[in-house]
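Chemist: Show me how the following folds:
(one chain, ligands or ions: 1)
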Amino acid sequence: TAIPKRDAKMSLAYLVIAFLAFGIGAIAGLLQGLVRGGVIELPDWLNYYQILTAHGVLMALIFTTFFIIGFMYSGISKTTGGLSNFSFKAGWIGWAMMFFGTSMATAAILLNEASVLYTFYAPLKATPWFYVGAALLVVGSWVAALGMLVNYAKWRKHNPGQVSPLFAFMTVATLVLWLIATSGLAVMVLFQLIPWSFGWVAEVNILLSRMLFWFFGHPLVYFWLMPAYIAWYVCIPKIIGGKVFSDSLARLAFLLLVLFSIPVGFHHQLMEPGISEKWKFIHVILTLAVVVPSLLTAFSMFAVFETAGRRKGAKSMFGWFTKLPWKDVRFFAPMVGMLMFIPAGLGGIINASNQMNAVVHNTMWVVGHFHLTVATSVVLTFFGISYWLVPALSGRKLTKWANRLGILQTLIWTVGMSFMSGAMHTMGLQGAPRRTDFTTYLDSVLGLSWMPYYKVMAFGGAMLFVGGMLMIGLFLYLLCFAPKGQEEFPIAELGDNHEPTPRILERWRVWIAVSAVLILLAYGYPIYDIIQNPAPGAPPLRTW
Ligand code: HAS
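Modeler: Residues are numbered from 1 along each chain as shown. Next up, the predicted model:
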């Protein structure tokens, strides 16, 4: 069944804002690469930390969140038989709040009133309006989430005893993760940053603010990854003419992501002196546990590819490889994303290994890591989704030449990112710091020794800019100009030999309770401790 027109329009409204943010973020990204490469100098009215914040916030927070909600709404509508009036309204109210919040926060950044980076914890302080904008964005996303959850609950009520559609289940898992994660952010913004930036309190507990941020910041990266995994598990099999390998395995992987991706935030704070090593150890163990669902995903994807290839007649051990539709951008872009996720994930395991974190923390290596994970694996998947989702929603067709340009776009992005991220990883190992303006000290003798890598990074960044603009052109084409028609919204069927999915996998109360226990275990005492025994210089208990 096609998606009802009104639902399609709403999803498109989310995607339009996503790509608008992506466009501005891309300009900021280009400037930043050129500045660090010493190719240009910024005018006096624009500073490096301002464009760094604009780039990070618009790409990592705005583009992703709008895209993800638009994509998930369309899938919920598709797989649960259309949105109810309530869900539809919640979708629009959420959109409006998010749009308003984004505009406020972006204006604050562009006015240089909020150059606090995308990880905006204290002690960097922005104008209160930046935080108010961020709060609106988050609350808007909650309203949108509520709309989707209600539609899912209604579907279950009307289909008692049935296993829910996989897409809908995965969306709910992603939203559960998002709601738990953003609660930490909300506490930081509402109880610390807003009162502090308005001047209602003189000081805030900085360690607590960082802890609350990373309580949110790590699951945030899985909030980006899980929608990409939805496309890998549910849409890609259909595109390649295969079936879902295992419904139960897919659901288990998502539940494990919900359970293990929150109590791990200290792996961003392994070098933080205010947290004792016992707690860091627990978070490192749980971080290694959160790798498991990604390994399950890798296994599952190989199985899908192989079974699809064999169904098409592949006989030899790797013959299935040649049966994959390499010339179809709907497959090609996410596939490259998957391949790049192999080194990206390995880098993550290196980061998480306590001693090695001492080598890479706060260096360009980390920037290389997240450009491979989110900006390659996730973003290429989002591009791959856009090639079919945008025409499916706008009532148009992905034409042959748009498909070809899409493949070119994927190649430009991948080659550009390989240069950029490769240079970042290498110079990171040589100690090049992240988040540092060229004119701060990179023009010193040590800084100059990194210069060749910065040049490669700037070159890769320029390629990415070209690839980004091509993507925006294709987005607009598919939205407004491509020939009218019906593009498929690919939802794969379950494999022939699949066993019934265990009901326990959909008992949300159980999983949310387990998640709460893990969070309490990993965060309960550390948070109590830093409130009771604040670090020297931190404010007393009454002001947090
Ligand atoms: Fe990370 C820092 C650890 C995954 C994003 N990470 C970051 C930051 C970001 C980020 C944005 O422990 C910087 C934050 C900041 O600004 O300070 N990360 C990990 C670990 C994983 C991981 C263990 N990260 C991600 C993902 C991200 C992301 C995913 C975004 C989407 N990360 C860290 C740590 C830090 C960190 C430390 C802090 C560093 C510091 O000191 O500051 C794991 O989840 C990775 C598991 C993944 C795998 C790969 C599985 C491979 C698959 C593909 C299979 C391929 C197929 C293709 C099927 C084990 C699933 C076959 C193809 C054919 C053609 C046959």
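Chemist: lowest-confidence helix or strand of the protein?
Modeler: Using mean pLDDT, DSSP states H and E, the weakest-scoring helix or strand in the chain turns out to be helix 445-449, at a mean of 77.
Chemist: can you give me how far that helix is from the chain middle?
Modeler: The chain centre lies 34 Å from the centre of helix 445-449; the measure is CA atoms, centre = their mean, to the nearest Å.
Chemist: what do you get for stretch 183-194?
Modeler: Per CA atoms, centre = their mean, the displacement of stretch 183-194 from the mean C-alpha position of its chain is 21 Å.
Chemist: How about residues contacting that stretch?
Modeler: For stretch 183-194, contacts defined as CB atoms under 8 Å, 6 or more residues apart in numbering pick out 120-122, 125-126, 128, 131-132, 134-135, 138, 204-205, 208-209, 212-213, 215-216, 544. C-beta coordinates here come from the backbone N, C-alpha and C atoms, glycine included.
Chemist: Mind doing that once more with 6 Å?
Modeler: Outside stretch 183-194, the residues that touch it by CB atoms under 6 Å, 6 or more residues apart in numbering are 128, 131, 134-135, 204, 209, 212-213, 215-216, 544.
Chemist: residue at max distance from the center of this structure?
Modeler: Distance to the chain centre peaks in the chain at residue 315, reaching 37.8 Å (criterion: CA atoms, centre = their mean).
Chemist: Surely that one forms part of a strand?
Modeler: No. With DSSP: H, G, I helix; E, B strand; the rest coil as the criterion, residue 315 is assigned coil and is not in a strand.
Chemist: how near is it to residue 486?
Modeler: 36 Å (CB to CB, to the nearest Å).
Chemist: Same question for residue 130.
Modeler: Taking CB to CB, one finds residue 130 at 43 Å from residue 486.
Chemist: got the contact list for residue 390?
Modeler: By CB under 6 Å, 6+ apart, the neighbours of residue 390 are 478-479.
Chemist: Local confidence estimate at it?
Modeler: Looking at residue 390, its pLDDT stands at 98.
Chemist: What backbone torsions are found at it?
Modeler: Taking degrees, to the nearest 10, you get phi -60, psi -50 for the backbone angles of residue 390.
Chemist: Repeat that for residue 484.
Modeler: phi -60, psi 150.
Chemist: Just list whatever residues bridge to it.
Modeler: For residue 484, the beta-bridge partners under DSSP bridges are residue 396.
Chemist: Check what pLDDT it gets.
Modeler: 97.
Chemist: neighbours around it, how many?
Modeler: 9 (other CB atoms under 10 Å).
Chemist: Let's verify the closest residue in space to residue 34 that isn't next to it in sequence: helix, strand, or coil?
Modeler: Among residues not flanking residue 34 along the chain, residue 40 sits closest, at 4.6 Å (CB to CB, 6 or more residues apart in numbering). Following three-state DSSP, we place residue 40 in the coil state.
Chemist: What's the per-residue pLDDT of residue 40 here?
Modeler: 90.
Chemist: What are the phi and psi values at it?
Modeler: Backbone torsions of residue 40, given as degrees, to the nearest 10, read phi -130, psi 160.
Chemist: what's the spacing between it and the ligand?
Modeler: Distance, residue 40 to the ligand, by CB to the nearest ligand atom, to the nearest Å: 24 Å.
Chemist: Name the helix or strand for residue 272, please.
Modeler: Following DSSP states H and E, there is no helix or strand that holds residue 272.
Chemist: about what we covered before: using CSV, write out every CA atom in the least confident helix or strand of the chain.
Modeler: C-alpha atoms of helix 445-449 as CSV (Å, rounded to 0.1, in the frame of the first residue of the first chain):
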residue,chain,number,x,y,z
VAL,A,445,57.1,24.1,14.5
LEU,A,446,55.2,21.1,15.7
GLY,A,447,52.0,22.3,14.1
LEU,A,448,53.8,22.7,10.8
SER,A,449,54.9,19.0,10.8
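Chemist: Check which helices and strands the helix or strand just after it sits against.
Modeler: Remark: after helix 445-449, the chain's next helix or strand is helix 451-476, criterion DSSP H and E. Packed against helix 451-476, as judged by 3 or more CB pairs under 6 Å, 6 or more residues apart in numbering; DSSP states H and E, are the following elements: helix 5-36, helix 400-429.
Chemist: Now find how far off-centre helix 451-476 is within its chain.
Modeler: In terms of CA atoms, centre = their mean, the centre of helix 451-476 is found 20 Å from the chain centre.
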